[in-house]
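Visitor: Here is my input; please provide its structure:
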Amino acid sequence: MRSTLPRSAAFAFALGAALALPAYAAAQTPIVLDAPIPDGTPRYFAVPFTVPEGIREIEVRHDDMSAMNILDWGLADPSRFRGWGGGNVEPAVVAVDRASRSYLAGPIAAGTWSLLIGQAKVLERPARYHVEIFLRAEPTLAAQPERRPYTASAALSAGPRWYAGDFHVHSRESGDAAPTLDETATFARGRGLDFIELSEHNTVSQLDLVSAAQARHPDLLFLPGIEVTTYGGHANAIGATQWVDFRVGSTMPAVTIGDITGSIAAQGALLAINHPTLDLGDTCIGCAWSHREPPGTVAAIEVQNGQYSVTGLLFYPQTVEFWESYLARGEHVAPIGGSDDHRAGNDRGAFASPIGGATTMVYATELSAAALVAGVRAGHTVVKLQGPGDPMVDLRANETAMVGDTVRASRVTLRATVTGGVGAALSFVHNGETLGVIDVTRDPFTATREVSAPAGMRDDRWRCELSVNGRPRVLTGHVWVAATGDAGVASPTPTTDGCGCRAQSDSPKGAWGALLAMVLGLARRRRQRPSRRMVM
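Guide: Model prediction:
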């Protein structure tokens with residue numbers, strides 16, 4: 001890892017703090033870093049400290065010295081990133097073969113290390129930090145024999161089918177989460193899921209624990225990933241196994257959103273945007289997406305964060321509109337959903353969204369990390385907005401094509417098959433416009449539409465949405481119908497198969513009440529220390 005010492009005023013104060021340190025004397029004599037953060041310091045900056053030969057464990061105790069300010073914390077050795085605890089309130093510890101949560105074990109190289117600091121929220125000036133760093137010749141952390149290098153699991157299930165999973169799950173390796181991998185796996189499998197993505201905040205420390213946990217849970221796949229958590233939005237790096245530098249706004253190195261998208265793509269992972277319209281201010285710092293990423297770099301968007309009954313009334317319509325804006329300019333972006341669970345289902349209050357709420361169905365060739373990533377990349381996804389017990393909608397075109405595919409034909413037959421949905425209402429959605437509602441009267445239920453390829457240069461897109469009691473419950477990805485390239489009138493309005501249609505139900509009411517409920521729910525999940533905040 002390149003040096004992260006910033007330029008400008010931060011350079012002077014960081015260097016001054018390092019030079020003022022007492023010489024290393026003994027393993028239990030701490031290095032003390034105590035300094036103000038001058039105005040104009042980059043959002044992320046680094047403070048160097050020196051580690052001599054013979055050290056086998058480093059402990060970093062940190063404090064933002066304020067009830068109003070929030071600082072985030074991380075660590076880097078002379079050559080690589082060693083962890084990002086973010087808002088962890090406990091000390092960070094790294095050793096040769098063990099580490100505290102959110103951090104990476106490994107050799108303790110002699111030389112210049114860096115304390116990484118992020119200014120999440122600074123309201124009180126002058127802002128300060130106080131850090132004590134203990135250098136030890138022998139580790140004090142308990143041994144961690146389950147820690148081993150990550151290797152991708154062999155397929156847990158063979159054959160192409162729809163696999164059910166959750167693309168947004170946190171374990172204790174995220175600083176604001178509590179459960180072990182065993183607890184997340186047990187709960188997820190109990191809900192009938194096939195996979196969960198471990199999307200920890202800005203770290204891959206969970207991967208050292210996955211191989212042992214996977215052996216204990218052979219029926220549930222742990223999909224690697226990272227929630228790349230910036231102060232301008234949260235990206236989901238689906239399938240990522242290498243750390244992604246998330247520090248947009250730092251100056252050494254200078255990190256851009258383009259660097260993030262490139263880093264994710266370089267390792268064969270996919271970029272999704274999590275909860276892009278979740279704007280709750282300081283209750284959830286940086287949760288809404290404000291970056292302008294390079295065109296064509298977003299593979300998926302989390303259209304439902306948490307189960308619909310908790311967050312859907314307020315955020316689902318805006319998020320679908322956000323998703324549709326990408327599709328309208330021709331980008332093939334898959335819909336996904338995730339629970340954002342931080343408690344392995346043990347937060348059972350009225351505002352809890354346990355693992356599986358929402359559930360994403362991925363059509364994949366097998367149950368493996370590579371096949372799931374390929375399925376999302378192809379757009380083969382359907383989102384059950386409430387949970388795994390929701391009905392299923394399988395949208396096909398001309399028999400062989402499915403959601404995510406592009407059909408090249410002058411006439412196309414769309415066929416939507418609904419299972420478990422008697423009493424629900426099915427809609428075809430054409431280029432973002434809902435075309436009436438069809439009553440689901442039997443199980444399974446099939447509705448078809450005959451459509452024409454559009455004239456001109458712009459492809460048409462078709463998806464389905466299923467509602468229960470007037471509220472959305474299932475959303476499919478799109479079938480794309482290729483344009484003919486001919487100038488002329490737009491394609492004719494498609495026809496239905498004769499199923500009874502009625503008017504679309506009114507939009508859900510009570511947004512302000514849902515907002516209050518959401519904020520109250522988030523407050524229940526915030527850490528106990530008043531100066532910390534929720535990170536989703």
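Visitor: okay, and for the protein, where does confidence drop off?
Guide: Applying pLDDT under 70 to the chain flags the ranges 1-27, 348-351, 487-536.
Visitor: ranges for the helices of it?
Guide: Here the chain has its helices, by DSSP state H, at 9-19, 181-190, 207-216, 257-266, 308-328, 369-377, 511-525.
Visitor: Identify all contacting residues around the third one.
Guide: By that I understand helix 207-216. Helix 207-216 is contacted from outside by 104-105, 146-151, 153, 173, 181-182, 185, 198, 221-222, 224, 241, using Cβ atoms under 8 Å, 6 or more residues apart in numbering. Just so you know, the C-beta spots here come from the backbone N, C-alpha and C atoms, and that holds for glycine as well.
Visitor: tell me the angle of it relative to helix 181-190?
Guide: Here helix 207-216 runs at an angle of 50 degrees relative to helix 181-190 (axes from the mean of the first three to the mean of the last three Cα atoms, to 10 degrees).
Visitor: what does the longest one give?
Guide: Comparing the axes of helix 308-328 and helix 181-190 via the same axes, to 10 degrees yields an angle of 90 degrees.
Visitor: Please name every helix or strand in contact with helix 308-328.
Guide: Secondary-structure packing of helix 308-328 (3 or more Cβ pairs under 8 Å, 6 or more residues apart in numbering; DSSP states H and E): strand 300-305, strand 471-476, helix 511-525.
Visitor: Also the second one?
Guide: Using 3+ Cβ pairs under 8 Å, 6+ apart, the elements in contact with helix 181-190 are strand 158-169, strand 195-201, helix 207-216.
Visitor: What are the contacting residues of it?
Guide: 166, 169, 171, 179, 196, 198, 206, 209-210, 213, 216-217, 219-220, 222, 341, 344-346, 354-356.
Visitor: Generate a ChimeraX selection restricted to the buried entries among those residues.
Guide: This is the ChimeraX syntax for the buried subset of the contacts of helix 181-190, where burial follows 16 or more other Cβ atoms under 10 Å:
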select :166,169,171,179,196,198,206,209,210,213,217,220,222,341,344,345,354,355,356
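Visitor: Identify the residue spatially nearest to Leu271, adjacent ones excluded.
Guide: Excluding the flanking residues, the one nearest Leu271 by Cβ to Cβ, 6 or more residues apart in numbering is Ile264, at 4.9 Å.
Visitor: thought the one you found was touching Leu270?
Guide: Yes: here Ile264 reaches Leu270: they are 7.2 Å apart, a contact under Cβ atoms under 8 Å.
Visitor: residues shared between the contacts of the two?
Guide: Each of Ala237 lies in contact with both Ile264 and Leu270 under the rule Cβ under 8 Å, 6+ apart.
Visitor: OK, contacts around the nearest residue to Glu53 once chain neighbours are set aside?
Guide: The shortest distance from Glu53 to any residue other than its chain neighbours is 4.6 Å, reached at Ala110 (Cβ to Cβ, 6+ apart). If a contact means Cβ under 8 Å, 6+ apart, then Ala110 has 51-55 as its contacts.
Visitor: Distance of Asp194 relative to Ala164?
Guide: 5 Å (Cβ to Cβ, to the nearest Å).
Visitor: Tell me which of the two has more neighbours.
Guide: Asp194 (25 against 20; other Cβ atoms under 10 Å).
Visitor: list the contacts for the more buried one?
Guide: Taking Cβ under 8 Å, 6+ apart as the criterion, Asp194 is in contact with 156-157, 163-165, 220-221, 367.
Visitor: do Tyr363 as well
Guide: Applying Cβ under 8 Å, 6+ apart, we find Tyr363 in contact with 160-163, 375, 380-381, 402-403.
Visitor: tell me the contacts of the closest residue in space to it that isn't next to it in sequence?
Guide: Distance criterion Cβ to Cβ, 6+ apart; nearest residue to Tyr363, sequence neighbours excluded, is His380 at 3.8 Å. Contact analysis of His380 by Cβ under 8 Å, 6+ apart lists 334, 362-364, 402-404, 477.
Visitor: Need the nearest residue in space to the residue most central in space within the chain, chain neighbours excluded.
Guide: Nearest to the mean C-alpha position of the chain, counting by Cα atoms, centre = their mean, stands Asn236 at 3.5 Å. The shortest distance from Asn236 to any residue other than its chain neighbours is 4.0 Å, reached at Ala272 (Cβ to Cβ, 6+ apart).
Visitor: wait, that neighbour sits on Glu302?
Guide: Yes: under the contact definition of Cβ under 8 Å, Ala272 touches Glu302, with a separation of 6.1 Å.
Visitor: hey, what's in contact with both of those two?
Guide: Shared contacts of Ala272 and Glu302 (Cβ under 8 Å, 6+ apart): 167, 236, 336.
Visitor: Serialize those to JSON lines and add fields for distance to Leu33.
Guide: Compiled in JSON lines, the shared contacts of Ala272 and Glu302 are given as follows (distance: Cβ to Cβ, whole Å):
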{"residue": "Phe167", "distance to Leu33": "38"}
{"residue": "Asn236", "distance to Leu33": "33"}
{"residue": "Ile336", "distance to Leu33": "41"}
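Visitor: quick check, nearest of those residues to Ala371?
Guide: Proximity of the shared contacts of Ala272 and Glu302 to Ala371 (Cβ to Cβ) peaks at Phe167, which lies at 14.6 Å.
Visitor: got a list of what the closest one touches?
Guide: So Phe167 contacts 197, 199, 223, 225, 236, 238, 272, 300, 302, 336-338, 360 (Cβ under 8 Å, 6+ apart).
Visitor: Could you export the residues you listed as a markdown table, including distance to Gly85?
Guide: A markdown table is the format used below for the contacts of Phe167 (distance: Cβ to Cβ, whole Å):
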| residue | distance to Gly85 |
| --- | --- |
| Glu197 | 21 |
| Ser199 | 16 |
| Leu223 | 23 |
| Gly225 | 18 |
| Asn236 | 20 |
| Ile238 | 23 |
| Ala272 | 24 |
| Ala300 | 27 |
| Glu302 | 24 |
| Ile336 | 27 |
| Gly337 | 28 |
| Gly338 | 22 |
| Thr360 | 29 |
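Visitor: Pick out whichever of the residues you listed sits closest to His130.
Guide: Lowest distance from His130 to the contacts of Phe167 (Cβ to Cβ) belongs to Ser199, with 31.3 Å.
Visitor: And stretch 112-122, how far out from the chain middle?
Guide: Centroid separation for stretch 112-122 versus its chain: 22 Å, with Cα atoms, centre = their mean, to the nearest Å.
Visitor: Domains of the protein: list them as residue ranges, please.
Guide: Domain ranges of the chain: 9-136, 154-390, 391-507, per automatic domain parsing.
Visitor: and among the ones you listed, the most buried is which?
Guide: domain 154-390 (a mean of 21; mean count of other Cβ atoms under 10 Å).
Visitor: Identify the bridge partners of Val383.
Guide: Beta-bridge partners for Val383, by DSSP bridges, are Thr360, Leu475.
Visitor: quick check, nearest of the shared contacts of Ala272 and Glu302 to Lys121?
Guide: Closest to Lys121, out of all of the shared contacts of Ala272 and Glu302 and judged by Cβ to Cβ, is Asn236, at 23.2 Å.
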